[in-house]
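>>> Okay, here's the prediction I keep looking at, along with the sequence it came from:
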Amino acid sequence: MPQRILVICGDQYHASHEVMLGLENAGKAEFHFQQADNASLLAGDQIFQAVVLAKLNVTSAEDSSPWADQASQDLIHSHVTAGRGLLVIHAGTVGYQPAPIIRELTGGSFQQHPEACDVELVPTAHPLAAGVVPYTVHDEHYFVEIDSDVDLFLSSRSAHGSQPAGWIKEFGNARICTLTPGHGPSVWANDSFQLLIRNALSWVTHA
């Protein structure tokens, strides 16, 4: 039976249907994805083996107020404390400094990005990057800060410099992974990015 994944996505720069299509193409055989605007479904009876956070910390494309209030952060924290996974992609790193629970779980956060440009993604020998070879996409090159307790498995390079682009951390029995690429359909459709997503979903769900 496919594992259930809650996908929190959809903001003014990252359409939810683009995120959902990218995820389904990467793992529709192994995972069942359910889109949501926030974490409220975690308060119900449904069990999700992982949450994918791929959204700015805004309520919607029309409402820029933050969705990650204290109650929402508590739901994410309870999900992770129960040993279930969290995968943060691209926009999911943006705007969470005022949301300390999510910021701590993520292990890093967005600082800024230059205009979209050619970005080379360079994997390490880490299992999360198994099968991935260096590749180049036209993307927003995220500049981030990361915590000292994360394990880096992917770096990014462009004319603007080098940055961490993929890292993991464990929180009790829970596994948390962050990928910073992901602006636009062409990035999501890239074969190497699809493999990175599959590897990350398998790892955070203990599949």
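Okay, I see it. Numbers count the residues shown, from 1 in each chain.

>>> just the helices in the chain please.
Counting by DSSP state H, the segments of the chain that form helices are 16-27, 70-81, 100-106, 185-189, 191-204.

>>> how about those, which one is nearest A129?
The closest of the helices of the chain to A129 is helix 191-204. By C-beta to C-beta, the value is 7.0 Å. C-beta coordinates here come from the backbone N, C-alpha and C atoms, glycine included.

>>> List of residues touching the closest one?
Under the criterion C-beta atoms under 8 Å, 6 or more residues apart in numbering, residues 5, 22-23, 25-27, 30-31, 50, 52, 85-87, 89, 121, 127-133, 135, 137, 154, 166, 168, 175-177, 179, 181-182, 187-188, 207 lie in contact with helix 191-204.

>>> where's the closest residue to G22 other than its chain neighbours relative to L105, distance?
Excluding the flanking residues, the one nearest G22 by C-beta to C-beta, 6 or more residues apart in numbering is W188, at 3.0 Å. Using C-beta to C-beta, to the nearest Å, W188 is found at 23 Å from L105.

>>> elements contacting the lengthiest strand in the chain?
Counting residues, the longest strand in the chain under DSSP state E turns out to be strand 161-171. Applying 3 or more C-beta pairs under 8 Å, 6 or more residues apart in numbering; DSSP states H and E, we find strand 161-171 packed against strand 143-146, strand 151-158, strand 174-179, helix 191-204.

>>> I'd like a version of these in TSV, one that adds mean neighbour count and distance to D11 as further columns.
Formatted as TSV, these follow (neighbours: other C-beta atoms under 10 Å; distance: least, C-beta to C-beta, whole Å):
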stretch	mean neighbour count	distance to D11
strand 143-146	18	18
strand 151-158	19	22
strand 174-179	24	17
helix 191-204	21	19
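
>>> In TSV, list these along with mean pLDDT and distance to H113.
Shown next, in TSV, are the helices and strands packed on strand 161-171 (pLDDT from 0 to 100; distance: least, C-beta to C-beta, whole Å):
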stretch	mean pLDDT	distance to H113
strand 143-146	98	6
strand 151-158	98	10
strand 174-179	98	14
helix 191-204	97	17
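
>>> how much space between the nearest residue to R175 once chain neighbours are set aside and S40?
For R175, ignoring the flanking residues on the chain, the nearest one in space by C-beta to C-beta, 6+ apart is V204 at 4.6 Å. Using C-beta to C-beta, V204 is found at 21 Å from S40.

>>> List the contacts of the residue lying closest to I102 once chain neighbours are set aside.
In space, and not counting its chain neighbours, I102 is closest to Y96: 4.8 Å by C-beta to C-beta, 6+ apart. Shown in contact with Y96 (C-beta under 8 Å, 6+ apart): 57, 68, 102-103, 106, 109.

>>> run the last query once more with 10 Å
53, 56-57, 66, 68, 73, 88, 102-106, 108-110 (C-beta atoms under 10 Å, 6 or more residues apart in numbering).

>>> Could you check how far it is from T178?
The value you get for Y96 to T178, if C-beta to C-beta is used, is 11 Å.
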